[in-house]
Each structure stands twice: as structure tokens, then as C-alpha cells.
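*Asks:* let's see this in three dimensions:
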Amino acid sequence: MTPSHTKRRRTRRWVLVSVIAVVVLGALGFGAYAVLHSRYFAATRIIIGGEHHETAAQIAKVAGLSGAPPMLSVNAGAIQQEIAAAFPWIESVSVTSSWPHTVDVRVTERTPVATIQTHAGTLVLVDVTGRRLGPAAAHAALPRLEYALPAGDPAAGALPATAVPGLQVASTLPRAFAAQVAVVQVGTDGWVTLHLTTPVTFILGPATDLSAKYEDVAAVIARTTLHVGDVVDVSVPQAMTVSGP
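*Replies:* Numbers count the residues shown, from 1 in each chain. Next up is the predicted model:
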């Protein structure tokens with residue numbers, strides 16, 4: 001056998017081995033793909049926690065987890081975005097996958113701090129960021145936030161900057177008198193006024209030095225005899241003034 005024939009035989013053998021290797025690897029790859037996308041590695045155990053205003057079934061559907069998808073297709077980032085966009089109450093989402101079947105979704109809901117009243121007279125819950133969370137009960141145990149409104153219905157769009165001091169105060173009211181605050185009002189100058197259920201009014205002024213101002217408010221309520229219509233100015237801590245109606 002000549003050297004050229006030997007070389008051709010070796011070439012044909014190498015090509016055959018290469019083809020077989022490609023076929024085998026392709027078959028193995030297809031098999032692995034099929035197995036990983038089969039029920040053997042499907043998200044069949046979905047754990048959802050932290051929800052109060054949505055059901056676990058609603059969250060699973062929005063997250064694309066209700067149909068036992070392959071674990072390979074579970075994208076934590078995409079799930080977090082879908083859930084946060086779909087439910088106004090949900091502030092953050094944590095997604096953890098545990099092979100071969102488990103996906104754990106934990107949600108943290110927002111906390112309402114006040115209500116706002118629409119032009120139609122309905123009450124809407126808002127959190128400290130001003131995000132609207134949905135309708136409030138007629139007698140919600142939260143203060144109503146009043147602020148200078150731009151043109152349009154306050155039930156649509158983001159709250160204006162004029163509401164920010166009021167949100168800050170509504171979210172930090174101490175337990176000592178929070179339940180007595182009926183209205184948190186923000187003036188056009190940014191000053192905050194508390195209207196109590198008594199009714200007595202406390203002028204806080206700017207939303208600064210709030211801890212000191214709250215101490216003054218609590219002290220006045222506990223130690224001073226107030227009358228309906230009294231106005232207490234605590235805008236300067238430890239230098240309060242009381243005026244009658």
C-alpha cells in the first residue's frame with residue numbers, strides 16, 4: 001500500500017470518527033435539553049409568602065409559575081419586575097430557586113401612612129412615597145393628607161412635591177397621639193399643620209426637628225387643658241404658643 005493510500009484511509013477514518021462524535025454529542029445534548037425541560041426538572045413546587053392584598057395564585061400567574069415551567073426558564077429578575085409592576089401594594093420581591101422543583105417567592109408589601117381624597121370624594125390609601133395603593137375604607141384609621149393640588153384628579157399620576165412634607169409627617173407620627181390626628185395639612189409654604197379629632201390644631205411648621213416637635217405635642221396633650229378650636233404652635237421646639245379660636 002502506497003503512502004498516499006494510507007494517508008487517504010487515515011483521513012477517511014478521522015472524518016468518520018468526527019462525524020460519529022458530532023452525532024453522539026448532538027444526541028447527548030438533545031437528550032440533556034429534553035430532560036432539563038421535562039417534568040423531572042419543572043417548577044412544580046411554588047412557595048409564595050408575604051402576600052396580604054393579593055392571592056398566591058394571582059402572584060404565581062403573573063410570575064409565569066402557575067403552569068410548572070422548566071426550572072431553566074425561571075428568571076428571578078424578570079419575575080421580580082413582573083410582580084412589582086402588576087401589584088401596587090408590593091414594594092419588593094425576592095425569588096429563590098432550589099433545584100429540581102422549588103421556586104420560593106417572598107414579597108414585601110407597602111405600608112399605608114395616610115389617605116387622600118379624590119375630586120369624586122373617594123378615599124385612596126398612599127404610602128410614604130406617595131404611591132396610591134387602592135381604595136380606603138370610609139373610616140380608615142389613618143390621617144387624611146391635604147396639600148396644594150395641581151389641576152387634575154389627585155387619583156391619577158404621582159403626588160406633587162407639595163405633598164412630601166405631609167407624607168414625612170404622616171409616616172412618623174408617634175403612637176402617643178397618632179390616632180388623634182384626623183388631618184395632616186401642608187400649606188403652600190411647606191408648613192405642616194395637624195388637625196386633631198378634638199378638634200385642636202397643632203402647627204408643626206417645616207417638616208424638620210420632628211422628634212422635638214412631637215415631644216411638645218405629646219406634652220401639651222397630656223398636661224394642658226385645651227379647648228375646642230385652640231391652636232398650638234410648636235414650630236419652634238420648646239417655645240410653643242397657644243391661642244384660642
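
*Asks:* so where do the strands sit in the chain?
*Replies:* Applying DSSP state E to the chain gives strands spanning 45-49, 90-98, 102-109, 112-117, 123-127, 132-135, 144-146, 181-186, 192-196, 201-205, 231-233, 241-243.

*Asks:* how about those in a markdown table, adding mean pLDDT, mean neighbour count and distance to residue 162?
*Replies:* In this view, the C-beta of every residue, glycine as well, is placed from N, C-alpha and C. A markdown table is the format used below for these (pLDDT from 0 to 100; neighbours: other CB atoms under 10 Å; distance: least, CB to CB, whole Å):
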| stretch | mean pLDDT | mean neighbour count | distance to residue 162 |
| --- | --- | --- | --- |
| strand 45-49 | 94 | 15 | 37 |
| strand 90-98 | 93 | 16 | 24 |
| strand 102-109 | 95 | 18 | 27 |
| strand 112-117 | 93 | 22 | 12 |
| strand 123-127 | 94 | 21 | 14 |
| strand 132-135 | 91 | 16 | 16 |
| strand 144-146 | 95 | 20 | 10 |
| strand 181-186 | 96 | 20 | 6 |
| strand 192-196 | 97 | 22 | 11 |
| strand 201-205 | 97 | 21 | 15 |
| strand 231-233 | 96 | 18 | 21 |
| strand 241-243 | 89 | 12 | 26 |
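
*Asks:* so what's the residue most central in space within the chain up against?
*Replies:* Nearest residue to the geometric centre of the chain (CA atoms, centre = their mean): residue 91, 1.3 Å. Applying CB atoms under 8 Å, 6 or more residues apart in numbering to residue 91 gives the contacts 84, 108, 109, 110, 127.

*Asks:* neighbours of the residue nearest to residue 178 when sequence neighbours are not counted, how many?
*Replies:* Here the nearest residue to residue 178 in space, its sequence neighbours aside, is residue 143; by CB to CB, 6 or more residues apart in numbering that works out to 7.9 Å. Using other CB atoms under 10 Å, the number of residues around residue 143 comes to 25.

*Asks:* please apply the same query to residue 77.
*Replies:* Using other CB under 10 Å, residue 77 has 9 neighbouring residues.
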